[in-house]
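Enquirer: sequence-free structure coming up:
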């Protein structure tokens, strides 16, 4: 039986410490100085009415620095008259890997250019995977994703559905993707209007 | 005699109130300080809504401690099918009670003279007569020894908890706790020996009273200036004794789940946590008493402030008593906050490092410190 005490293996990249670091007490003091300094700096910021933290009070506060390409939540684009650009073709609902989009179509015989429109367009955010495939599938550029995140925190699963009233709140002054809606333009319709 | 009963009942009530408040508030301080240290906000969601209004008292998340306590009380008290249910049930109390008892010998203020305090009420004043009371629950000659005696008792509790849980993690945690606490208690005792040599007493009131003068005319004669090495070593050993990071090997959650209280749930587990937080306050109170002059402020006497150059600011007895109690609490809070700073700054030791740190590093240092102190004390005082 081997009675020698256990020898710890020496690794090739064994950290080498100077004498100063091996004493440890001074390095502890340096570390405490760093953390204590951060504490005092943040406390000074809090007491002078500024914010001493990097975090945000979600959901009361939302971050202003989401990346431009962040897939935060869906919006439905609108025609100049405010109706959704969606034609209820169900392509987004078909491509959706999580199967969270539900669309009911409505028929409007008075508008032959866009006879189909959604009467109900709902997305279940409790299951949405934010992949953005619905945006790519849309032939009408009717659904997009914006960087802001939806207000999801709630005690109730029902509140995690986004419905048309919220999806249709996106009204930009100018749209970078296409110059639409035109300023002062009129509603163009095809056919016998 | 009934006067003594009244005064000491008030002292005991005060001590219990202070300790339990510290135990609750320190959980909040720990959360908030850790958050501010790491650029976060900290827990701030628990609130009490004033009934019939929509006003929510959030108060910087101060009520999270109450929410925690309620959660612990209302949770299922799950018990393992341990082979020693009695030891299992008794262990949290064996840990918790000595921690409270230690405070009995710690002086939290100077001398209370009820006759002076109630000089506006002649009846009360006459009833108390010329009785004076040191502000300490039990003035024992063996004060410091009592501290160590009670401190040693909590080892039994952790060992009982680990043994009776019949869980290998608990058992490992208990073994670690036992060896670690015994090692560091030795060091705590040896560091304090130097102070005993200087002050010539183990009576904590006597130790504090000797710290009320000044050194070299400007330094307060606090133990930390007499024994700076001992102060550092004592604080390190006391944190190790309290089993907190960087010495939290007995409950190292990444290795042992929760160590010796793995199998405890609900308020039994809460008692262990509560004892840990109260012990932060106890360690801070001990450090304050031994090394930071207890309730003393520099140049403060029982009659008020006496600055050099015979500049005297007289104070009434009531003001002196309140100032001394507040000064003591402020020092305790500062040291507790420093312990929390250490806890959130340093990484955990490896277990062999903990023990070799105690026996190969701190023990020789304390012995050297003790020898030098003994030689100096002998050469000065003969």
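Expert: That came in fine, so what should we check first? These numbers come from a predicted model, not from an experiment.

Enquirer: Give the ranges of residues in chain A that sit below the confidence cut-off.
Expert: Low-confidence regions of chain A, defined by pLDDT under 70, span residues A:1-2, A:173-193.

Enquirer: The longest strand belonging to it: which residues count as buried?
Expert: Across chain A, the longest stretch assigned as strand under DSSP state E is strand A:116-124. Of all the residues in strand A:116-124, those buried under the rule 16 or more other C-beta atoms under 10 Å in any protein chain shown are A:117, A:118, A:121, A:122, A:123, A:124. Where you see a C-beta, it was placed from the backbone N, CA and C, and this is true even at glycine.

Enquirer: pretty sure residue A:86 contacts residue A:139?
Expert: No - with contact taken as C-beta atoms under 8 Å, residue A:86 and residue A:139 are classed as non-touching, separated by 10.4 Å.

Enquirer: Which of these two has more residues huddled nearby?
Expert: When neighbours are counted by other C-beta atoms under 10 Å in any protein chain shown, residue A:86 and residue A:139 differ, and residue A:86 comes out ahead with 26 against 9.

Enquirer: mind giving me the domain split of chain A?
Expert: Following automatic domain parsing, chain A resolves into domains at A:17-56, A:73-167.

Enquirer: So which residues on the stretch 201-350 of chain B come close to chain A?
Expert: B:232, B:341, B:342, B:344, B:345, B:346 (C-beta under 8 Å from any C-beta of the partner chain).

Enquirer: Note down every partner strand of the longest strand of chain A and its orientation.
Expert: strand A:101-107 (antiparallel), strand A:161-162 (antiparallel) (DSSP bridges).

Enquirer: Is the longest helix anywhere in chain A positioned near chain B?
Expert: For chain A, the helix that runs over the most residues, judged by DSSP state H, is helix A:25-47. Yes - Helix A:25-47 lies in contact with chain B when judged by C-beta under 8 Å from any C-beta; the contacting residues are A:25, A:28, A:31, A:32, A:34, A:35, A:36, A:38, A:39, A:42, A:43, A:46.

Enquirer: What helix or strand is the closest residue to chain A within the stretch 251-382 of chain B located in?
Expert: Chain A sits closest to residue B:345 of the stretch 251-382 of chain B, with a gap of 4.3 Å, by C-beta to the nearest C-beta. With elements taken from DSSP states H and E, nothing contains residue B:345; it lies in neither a helix nor a strand.

Enquirer: okay but it is in contact with residue A:38, surely?
Expert: No - under the criterion of C-beta under 8 Å, residue B:345 is not in contact with residue A:38, lying 10.0 Å apart.

Enquirer: Quickly list what's touching both of those two.
Expert: Here residue B:345 and residue A:38 share the contacting residues residue B:37, scored by C-beta atoms under 8 Å, 6 or more residues apart in numbering or on different chains.

Enquirer: Those two - which one has more neighbours?
Expert: residue B:345 (20 against 16).

Enquirer: excluding its backbone neighbours, what's nearest the more buried one?
Expert: The shortest distance from residue B:345 to any residue other than its chain neighbours is 4.3 Å, reached at residue A:35 (C-beta to C-beta, 6 or more residues apart in numbering or on different chains).

Enquirer: so what's residue B:204 up against?
Expert: So, once contact is read as C-beta under 8 Å, 6+ apart, residue B:204 ends up touching B:105, B:106, B:107, B:136, B:143, B:144, B:147, B:289, B:290, B:294.

Enquirer: can you rerun that using 6 Å?
Expert: By C-beta atoms under 6 Å, 6 or more residues apart in numbering or on different chains, the contact set of residue B:204 is B:105, B:107, B:143, B:289.

Enquirer: Which of these ranks first by neighbour count?
Expert: In the contacts of residue B:204, the most neighbours by other C-beta under 10 Å go to residue B:289, 28 neighbours.

Enquirer: Could you list the residues of chain A in contact with chain B?
Expert: Applying C-beta under 6 Å from any C-beta of the partner chain, one finds that chain A approaches chain B through A:31, A:32, A:35, A:36, A:38, A:39, A:42, A:53, A:54, A:55.

Enquirer: Hmm, the third one is touching residue B:37, no?
Expert: Put plainly, it is residue A:35. Yes - applying C-beta atoms under 6 Å as the test, residue A:35 and residue B:37 come out as touching, 5.2 Å apart.

Enquirer: who has more neighbours, these two?
Expert: In this view residue A:35 and residue B:37 are compared by other C-beta under 10 Å, and residue B:37 has more residues nearby, 23 against 18.

Enquirer: Now do the more buried one against residue A:112, distance only.
Expert: Going from residue B:37 to residue A:112 by C-beta to C-beta, to the nearest Å gives 66 Å.

Enquirer: repeat for residue B:323
Expert: Looking at residue B:323 against residue A:112, where the rule is C-beta to C-beta, the gap reads 89 Å.

Enquirer: what do you get for residue A:67?
Expert: Taking C-beta to C-beta as the measure, residue A:67 and residue A:112 are separated by 41 Å.

Enquirer: Neighbour count: the two, which is higher?
Expert: Under the criterion of other C-beta under 10 Å, the comparison of residue A:67 against residue A:112 puts residue A:112 first, with 12 against 8.

Enquirer: how about residue 104, what does it touch?
Expert: No chain in the question, so chain A it is. With C-beta under 6 Å, 6+ apart, residue A:104 has these contacts: A:119, A:120.

Enquirer: nope, chain B
Expert: B:137, B:138.

Enquirer: for residue B:287, same thing?
Expert: Neighbours of residue B:287 in contact, by C-beta under 6 Å, 6+ apart: B:235, B:335.

Enquirer: Cool, thanks, talk later.
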